[in-house]
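S.K.: can't give you the sequence, but here's the structure:
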């Protein structure tokens, strides 16, 4: 099983009762120093009716610590949502999974179905991609929220309903009316707030947010991100963020994993990804984004993602890559390897690959609001040392802006 040391070394963070004592699920926390979540060599494939295996996720590894936001970005069908569903054990029966997933140091594959049920929604919660479709249409909002409290806490029906309305009131001004409504009676924005309430009502240790701002207007988008920021800063909640929106990534993320054809092709801190991307795919994604002043033309990437049912043995990005060399066409697909975290001035030769941290002397214009340690400045004291890793034989060299 491959190593997964994407974050190493120093980390100091607020201790919580969940980290030092038994969790509310009855599963003891082994250590507050260990990552909350560790994914090692995760591979997930779907079996079709023709008995063909479609590899949706291939050898994905990462760690997630308290108060950290890790963003997974990439085109549709890159495998981002499959990773999230695999963590919670929500993949269909046609899926086959390999690799290990650890929560608080405990291997989730060794837990019973009852222990996994208690973890879902309590310790690890998820904001699903389509909020309206994820709610049960035949139950009122208050019934669905009350079920959450009764399933994970020892509350009576009346107590659970009262707590449900109180939880809704944090995000909705008319909580009682929404609580008594059915999902089809509320707007998409309200459904999104209900979904956030469902995911955060029990104060989980980890929130998996799958496209939390999709199909939202600007005001609701800002409010949703503010809720996630509050959970991170005030409660130390770790967030696994799945999104196509690089604006959301710049605002929330500490680290970014770029996925392509089911695998992570680049992993680094958020400033390095934006300022000095090394994988041609990451560079292409950023080049296709519109600029604020509109001063440059968009540069779309040529081609389309590969057919996952017929992946070549070499790099899957090869047909779309303008940096390919002979080795890319001859050797097997590259794996994640540490590289220098920043490019030297003038685009001269990059030094030999080292496990260095991201450069601290970045220009402030257009930068995410991050502290000197790469973490958001608002309320966190975690210090994370990040290794920049790229799966590419000929990484991009982005000149440093002095």
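M.R.: Received, thanks. If you're wondering where the values come from, they're calculated on a predicted model, not measured in any experiment. Numbering: from 1, shown residues only.
S.K.: following element in sequence after the host helix or strand of residue 125, please.
M.R.: Secondary-structure assignment from DSSP states H and E places residue 125 in strand 124-127. For strand 124-127, the succeeding helix or strand toward the C-terminus, using DSSP H and E, is helix 131-134.
S.K.: wait, residue 321 touches residue 283, no?
M.R.: No: using C-beta atoms under 8 Å, residue 321 is not in contact with residue 283, being 10.2 Å away. For the C-beta atoms, the positions are set from N, CA and C on the backbone; glycine is no exception.
S.K.: quick one: the strands in this protein?
M.R.: Taking DSSP state E, the strands of the chain run over residues 7-8, 37-47, 53-64, 69-73, 95-103, 106-107, 124-127, 206-210, 238-242, 255-260, 263-269, 337-338, 385-386, 389-390.
S.K.: and the fourth one, which strands flank it?
M.R.: In this case it means strand 69-73. strand 238-242 (parallel), strand 255-260 (parallel) (DSSP bridges).
S.K.: chain neighbours aside, what residue packs nearest to residue 274?
M.R.: Of all residues not flanking residue 274 in the chain, residue 250 sits nearest, at 6.5 Å (C-beta to C-beta, 6 or more residues apart in numbering).
S.K.: adding mean pLDDT and mean neighbour count, write the strands paired with strand 69-73 out as a markdown table.
M.R.: Below are the strands paired with strand 69-73 laid out as a markdown table (pLDDT from 0 to 100; neighbours: other C-beta atoms under 10 Å):
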| stretch | mean pLDDT | mean neighbour count |
| --- | --- | --- |
| strand 238-242 | 96 | 25 |
| strand 255-260 | 97 | 25 |
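S.K.: I'd like the ones you listed as a markdown table, with distance to residue 278 appended.
M.R.: Formatted as a markdown table, these follow (distance: least, C-beta to C-beta, whole Å):
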| stretch | distance to residue 278 |
| --- | --- |
| strand 238-242 | 21 |
| strand 255-260 | 10 |
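S.K.: just to check, residue 96 is in contact with residue 44?
M.R.: Yes: counting by C-beta under 8 Å, residue 96 touches residue 44, with 7.2 Å between them.
S.K.: tell me which of these two has more neighbours.
M.R.: Ranked by neighbour count (other C-beta atoms under 10 Å), residue 96 and residue 44 place residue 44 first, with 22 against 13.
S.K.: common neighbours of residue 321 and residue 283, please.
M.R.: Counting by C-beta atoms under 8 Å, 6 or more residues apart in numbering, residue 321 and residue 283 have no common neighbour.
S.K.: could you list the low-pLDDT ranges of the protein?
M.R.: Within the chain, the segments meeting pLDDT under 70 span 1-33, 293-295, 341-385, 399-402.
S.K.: hmm, what's the outermost residue in it?
M.R.: The outermost residue of the chain, judged against the average C-alpha position, is residue 158 (35.7 Å), by C-alpha atoms, centre = their mean.
S.K.: what separates it from residue 68, distance-wise?
M.R.: 38 Å (C-beta to C-beta, to the nearest Å).
S.K.: please apply the same query to residue 299.
M.R.: Taken as C-beta to C-beta, the span from residue 299 to residue 68 is 32 Å.
S.K.: more neighbours: which of those two?
M.R.: Higher neighbour count among residue 299 and residue 68: residue 68, with 28 against 12, using other C-beta under 10 Å.
S.K.: surely the more buried one touches residue 253?
M.R.: No: between residue 68 and residue 253 there is no contact under C-beta under 8 Å: 9.1 Å.
S.K.: ok, the closest residue to residue 75 other than its chain neighbours - how many residues close by?
M.R.: Closest residue to residue 75 apart from its sequence neighbours, by C-beta to C-beta, 6+ apart: residue 305 at 5.6 Å. Residue 305: 18 surrounding residues under other C-beta under 10 Å.
S.K.: related to what we said a few turns ago, quick one: distance of the strand holding residue 125 to the chain centre.
M.R.: Per C-alpha atoms, centre = their mean, to the nearest Å, the displacement of strand 124-127 from the mean C-alpha position of its chain is 11 Å.
S.K.: cool, and stretch 391-400?
M.R.: 24 Å.
S.K.: check which residues of it are buried.
M.R.: For stretch 391-400, burial by neighbour count (16 or more other C-beta atoms under 10 Å) applies to 391-398, 400.
S.K.: pull the number of nearby residues for residue 113.
M.R.: For residue 113, the count of nearby residues is 8 (other C-beta under 10 Å).
S.K.: next one: residue 220
M.R.: Neighbourhood size, residue 220 [other C-beta under 10 Å]: 17.
S.K.: OK, contacts around the closest residue to it other than its chain neighbours?
M.R.: Spatial nearest neighbour of residue 220, chain neighbours left out: residue 189 (4.4 Å); criterion: C-beta to C-beta, 6+ apart. Residue 189 makes contact with 216-217, 220, according to C-beta under 8 Å, 6+ apart.
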